[in-house]
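Q: Please work out how this folds:
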Amino acid sequence: MDDVEHSKPALPVVPDKCGPPTISLNYLLDFAIQQIYHEITVLSELLPKKLDGDRKISLVQFAHSTRMLFVKLLAVVKWVKSSKKFESCAAICYLLDQQSQYFIETADRLVTISREELVVARLPAFQVTAAVDVLTQGTYLHLPTIIQERFTLKPKISAVDEANVLLRLNQVLQYRISKVASTLSPRIKGIVIKNGMLILTVPGEFEVHLTVLGEREQTPWTLLNIKMLVEDYEIGYGAQLVHPLQLNMLHNVLQSRMDVAKNAISEVYNFLHAFAQSLQLDVLFCQASQLAAGRLRNKIIIEKYNPKERMLSIGYWVQRITKKGMGNHVRLVPQYRVTIYGDESDDSSLKVRHYPIAPDLGQLDDRTGRLSIDRLLSETLVVRCRERLLRIRKRLKAAKPLSIVLYAGAATPCLWLPLLRDSVDTREECVVISTGVWVHEQTGISVGGPVDTIATSIIERLTRYSHIYDTVNRFAKAYDAHYNKLCSVQAYTFHKLVIAYGRERDQQLIVSFRPRNATNDRFNLNFGQTLPISIYDSLEVNLQETTRWNAHCMVATILKEKFNAKSDLTELVHYLVTTSEPLHSLSFFSRIRFQSCKVLAQLFNVEIPYPLILKFHLMPINEVTLRLTYGHIHLEFIMLSGDSVAVRDSSRDKPRCAGLHQFFHLLSNGTSRSCKEESKFTRTTSPMQPASLPPNIVDASPAAHMSASLSVPPTSDASVVSPATFGAAAELETSSAPVVIDHETLRRAFNFIKFPGSNLLHAPLDDYLNSLCFIRKLTLAFEAHMRHQSAGRVPFNDMRSGLDYVRVTVPVATPPAAQRTDTNAPQTPQPIGGLVSFNFHLDPHTLCLKLNIEYSKNSPSPSDLMILERYFEQVVSRLNNELAVFSFINLCRMDPSPSTYWNVSIRLVCFTRDQMNTSVKRYQIAIVYDANLFPSKSCDLTQE
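A: Residues are numbered from 1 along each chain as shown. Purely as a prediction, here's the structure:
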């Protein structure tokens, strides 16, 4: 037995947490005691409430359960003594699990080796045959041709071969279509064969392109393209009614039906004809729904619409029947109805059926594809009205005594029944019977107004209708002939006319009539805006992209006065469509922009309560002339025929807009025309003349009373450097003759772009005019500075100015010497004899504000000069502040020494009090330059 045990392999030691779970006997006893204690506590609370018999039963149950619990614990303790026989089971299970894991890891490793390492380790298949061919014959005959086709392009088909193929394909198409010609529908009006395609056209419904890809008769037809000719210009502005995805689905479905059909051409016609009819019915239903919900509300009703049966029924001349006992419910019952339907047994177009039947009633015109339910109802109602009047005339003629009954009127037919025998030609002595287009019936209960008020209201309404109708009737012929391509009539409700115009049809003209207006201005014109038509075709809608505004609001008063004098709607619409683009561009100057003049007031030492002025102002002179006041510059924009605009300088005394012709010549790429001979140009006859801005700044500056600065050098001799060293160019051309430009050039002049690094917008014309005004303001500031030069100001040696430039020359300043006798007293730096010349001018090539800086001595490097000039153009000039220019000049005239440190700070300097008002102090901005790091050594370069 011992030999057998020694021959068995030793079992591995089971590590912790790998064998069966164990628990301490102490924990078991503790749990048992806690449970018994809990049950005793519960019994102590429940036993006093029970009877004696129940108490005994509860105690016996408690004793029995407690005894069984400890008996189980005793059995477990006795079993532990013999549990050593089962301890080897855990070691055996652990050993088996360990061996199983070895098998799994070995299999995974073998798979990894076979898939990753052995693939690379195997030997390749040596191409012995290919090597022999290459070495012996010098070529490889077994190369697959597909490789050559991948790298070598196939030769293109020649033009002759292509023409022969298309000719043969046209012959095949003629043969194929001639075989089925007897089965084609007579509604196919166009059959064209060209370029290898068969084009079938059904007017007002569809156009389809077909072809075949072979000469055999069994070759199926191939569908190339489908185009639906159904259009809707009343609601959708002629936009495509079928989405490209729907057309693609129709293409796929029809191609699959053609492949299995015996007569593919008939299948194409039947399929597209049914789809076109359903699309036409849907268009008519949408138009009827819009009329029933809008202009013809409670006048017509849609009784039935079934797309599957292809039927639409509309009732008109509706009677309002009130049912009692149901809360006075009103039911609309039509007297007449019209039904539009499509017959499946007949391949004709949509048919119209009227109830009751009468001759000469309206029909649908589907030859153009532009169906109109409004036109159908209008033609039908005209016939119904004439039918009723003729019926009444027949009864009146048969009545005794016999009388004459006249039928008159074309647009509005009526019956004339004279009350006296000799009063046929007298309108006041006749009874006039007329049937309106729509019958209106209203029951009044306790009407508050007198009879005169009701009569006046009716007369005013009829007057409004007649005036609007007369104006629209004269405009209708011109609209149908020409203006329907330039504008759209959105609504005409007999008392108001709404016309949309503009490139995107986003501008509106609303014409109305006011009979009670005391003045002659009874026609009222309102200009508004609406959504552009391009928004209906775009996939994304952005209503806040740009601010829309009707520019004709600027001339609304002038147009209103002229329209009330002539009442010519054709002339008004022609003016609106031709001036929409230029007025929209000029509308930028109609906005209110204020500009501060506080700096000039400080330089001139003038008190202004509100130092704000308008930057520009646009004022209409008449309907074709607008005058722009931009500072001291006055420009007139004159609308000309042929999409042209004339711009001229109308400034007072003399032209002041230098380079105006060059600006528009540069902006139009040479297409602008200058009218040098003013006699050939028609001027406006308006009595209004341009007025300049009031001279707010005319008083002399009391700068002579200011405290002198110690850092400004005395005035040096201006003859050291001649101003001629500037190489001054000739001024830009000024002329009051107009320059003629097109609308596109004017639009480019107002093409707004953002400044780099900011959200501010600027336009070329605004920048050009602002530069001229800024040069003018600099000239005034420099002249005031030179008139009142003192030791506290920057000395100007020379100044020259023009409309497009201003040049100043100032001496160069240096810091004081390091050695001083008195360190506490500030010293004035001495100039070294050099001059700095500043040339503020308009660049003749770009017409933008530029600056040229030249030093007479010790000139900085060209790169530094370029940095200073760019800093002025991009920072200083955009501030539009004269003090900023003075500070820039003071900065550029400093000549610091490499051994001296400059610290810049800003402070307020108090000058002498004003002689007029001694209680008011004068404060000016000062710049303090510290010559050293120590606060005790400093000098003040005071600048206003």
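
Q: Pass me the low-pLDDT residue ranges in the stretch 301-450 of the chain, would you?
A: By pLDDT under 70, the weakly predicted segments of the stretch 301-450 of the chain are 324-329, 369, 410-411, 421-428, 436-450.

Q: at 80 what do you get?
A: Scanning the stretch 301-450 of the chain for pLDDT under 80 picks out 320-331, 344-348, 365-370, 398-413, 417-450.

Q: can you check the stretch 451-600 of the chain too?
A: Filtered on pLDDT under 80, the stretch 451-600 of the chain yields the residue ranges 451-455, 494, 515-521, 534-548, 596-600.

Q: care to break the chain down by domain?
A: Following automatic domain parsing, the chain resolves into domains at 11-148, 155-379, 459-534+546-575, 703-732+760-942.

Q: would you list those domains in a markdown table and tack on mean neighbour count and distance to S590?
A: Placement of C-beta: from N, CA and C, glycine included. Below are the domains of the chain laid out as a markdown table (neighbours: other C-beta atoms under 10 Å; distance: least, C-beta to C-beta, whole Å):
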| stretch | mean neighbour count | distance to S590 |
| --- | --- | --- |
| domain 11-148 | 10 | 72 |
| domain 155-379 | 15 | 29 |
| domain 459-534+546-575 | 16 | 6 |
| domain 703-732+760-942 | 16 | 13 |
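
Q: Can you tell me which of those domains has the worst average pLDDT?
A: Lowest mean pLDDT within the domains of the chain: domain 703-732+760-942, at a mean of 66.

Q: Run through who's touching stretch 40-50.
A: Identification of contacts with stretch 40-50 by C-beta atoms under 8 Å, 6 or more residues apart in numbering yields R55, S58, L59, F62.

Q: let's see 6 Å
A: Counting contacts by C-beta atoms under 6 Å, 6 or more residues apart in numbering, the residues outside stretch 40-50 that touch it are R55.

Q: and it, how far from the chain's centre?
A: For stretch 40-50, the separation from the chain centroid amounts to 85 Å (computed by C-alpha atoms, centre = their mean, to the nearest Å).

Q: thinking again about what came up before, so can I have TSV of the domains of the chain showing distance to L390?
A: Formatted as TSV, the domains of the chain follow (distance: least, C-beta to C-beta, whole Å):
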stretch	distance to L390
domain 11-148	86
domain 155-379	11
domain 459-534+546-575	24
domain 703-732+760-942	67
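
Q: Leaving aside the residues adjacent along the chain, what's closest to L95?
A: Leaving aside its chain neighbours, L95 sits nearest to P12 (5.7 Å; criterion: C-beta to C-beta, 6 or more residues apart in numbering).

Q: can you confirm the one you found is in a strand?
A: No. The assignment for P12, made by DSSP: H, G, I helix; E, B strand; the rest coil, is coil rather than a strand.

Q: give me phi/psi at it?
A: Here is the backbone geometry of P12 (degrees, to the nearest 10): phi -70, psi 160.

Q: hmm, back to that, so which of the domains of the chain gets nearest P611?
A: Minimum separation from P611 across the domains of the chain (C-beta to C-beta) falls at domain 703-732+760-942, 12.6 Å.

Q: Can you show me the strands along the stretch 601-750 of the chain?
A: Secondary structure of the stretch 601-750 of the chain (DSSP state E, counting those that start in this stretch): strands located at 612-614, 617-620, 625-630, 633-640, 644-649, 673-674, 739-742.

Q: So what are the sheet partners of the second one and their directions?
A: What that stands for is strand 617-620. Strand 617-620 has the following sheet partners, assigned by DSSP bridges: strand 625-630 (antiparallel).

Q: Repeat that for the last one.
A: Next to strand 739-742 in the sheet, as set by DSSP bridges, lie strand 644-649 (antiparallel), strand 673-674 (antiparallel).
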